[in-house]
Structure formats: structure tokens, C-alpha cells
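Novice: Got a sequence here, can you build the structure:
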Amino acid sequence: MSTDYVYFLADDDAAAAEALTRPGGPLGWPEVTGQRKTGLFRKEPVVTELGPGYPGFATPAVDPVVALGTLAELLTGVDYDAVQDDPRHGAEVASTPTGDRMVLAVTDSLREALTAVEDSRIAELAEAWGRTEELEHADPADLREVLRGLRELARGDARARLYAYLAA
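Specialist: Okay, here's the model as predicted:
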């Protein structure tokens, strides 16, 4: 079973938790909202496109606890164990009763560090990040895209916080 991750911005923990109530999570997906008659005995589904409820992007490979912990260590120079000690690092904001979907917090210090990443450092950071045990099999091009996506989110609405949505 694979886990999909969506990194997104929300105003606060309560707003981020609402991502669990949206079909498809923070980025949404089409939802069947009813039926329409197409003949005497036939009906077809009515599909509504929800679209994104939050700014964000999806990635299958970068988990918000270990992988973002190593990224925080690379960007801030703070030891990985100290990163893990931050109470917001991977803190559960909300989850479904079955635990198949959840929203986790991303630290404000990582968000701040991401805003400062220059284009010229993306390739170097992706290469260093890819040498970590958790991401050693990841494609460096994919890691560059994840870094760019995280950086652009971090540079978004300054009042919002960064979160991760997980769906198993």
C-alpha cells in the first residue's frame, strides 16, 4: 500500500483539519453529487468538480516527518534530533477515525528556511537530500520539483501555515 502526500497552505490548524472533510483532500477531485434522468429507465451520475480548496501540490515520495526532518537539517543546520523535538514537526492536526487520512503540521522554521532557498541552490539541495537514507532511490529531478513546490508554497500567503495531508 502506498501513501500519497499533499503539501498545502491553510490559515491555521482548524482550517487545515477541514481538508479531511473534502473529497480528495486539500486538492479535491470530482464528486458524484446526484443523478439525472437520461431516459425512461436510465439515469446517469451528475459529477461536480470540486477543484483545489487549498494551494498545494501532491507527491508520492516525500513524507512530512522523516524526509522533511532531513530537509530541515540541510536547510537550517539544526541537528535532526533537535528538528524532531520541535512540537509542530509532524504533529497530528487531525485524522479520520480509521487513521487512513490525516493532516500533519510542518514547522514554521522549515517554512521560513524554504522561503530563502535560491534557484541556484535547488539542484545542490536536491542532490544532498537524495543522498539521505530515506530518499536514496528518489529521482533527483523529482526532488528538485518537490523543493520548488515546497519553496513556492512557503513563499505564498505569509499568514498561512504549511501542512501535509496523507492518504493511505
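Novice: Which elements pack onto the longest helix seen in the chain?
Specialist: Among the segments of the chain that qualify as a helix by DSSP state H, the longest is helix 140-154. The contact analysis (3 or more C-beta pairs under 8 Å, 6 or more residues apart in numbering; DSSP states H and E) places helix 140-154 against strand 4-10, strand 56-59, helix 108-115, helix 119-130, strand 161-167. All C-beta spots, glycine's among them, are computed from the backbone N, C-alpha and C.
Novice: List the residue ranges of this structure that fall below the pLDDT cut-off.
Specialist: With pLDDT under 70 as the threshold, the chain has low-confidence stretches at 1-2, 29-32, 47-51.
Novice: how close does the closest residue to residue 142 other than its chain neighbours sit to residue 91?
Specialist: On the basis of C-beta to C-beta, 6 or more residues apart in numbering, the spatially nearest residue to residue 142 that is not a chain neighbour turns out to be residue 61, at 6.6 Å. When C-beta to C-beta, to the nearest Å is applied, the distance between residue 61 and residue 91 equals 22 Å.
Novice: Kindly report the same for residue 56.
Specialist: When distances are taken as C-beta to C-beta, residue 56 and residue 91 turn out to be 18 Å apart.
Novice: Now do the SS call for the most far-flung residue of the chain relative to its centre.
Specialist: Distance to the chain centre peaks in the chain at residue 40, reaching 45.8 Å (criterion: C-alpha atoms, centre = their mean). Using DSSP: H, G, I helix; E, B strand; the rest coil, the secondary structure recorded for residue 40 is coil.
Novice: Comparing residue 56 and residue 91, which shows the higher neighbour count?
Specialist: The residue with the greater number of neighbours, taking residue 56 and residue 91 and applying other C-beta atoms under 10 Å, is residue 56; the counts read 23 against 15.
Novice: need the contact list for the nearest residue to the more buried one once chain neighbours are set aside.
Specialist: Setting aside the residues directly before and after it, residue 56 is nearest to residue 8 in space (C-beta to C-beta, 6+ apart), at 3.0 Å. Residue 8 makes contact with 16, 19, 26-27, 54-57, 153, 162-165, according to C-beta atoms under 8 Å, 6 or more residues apart in numbering.
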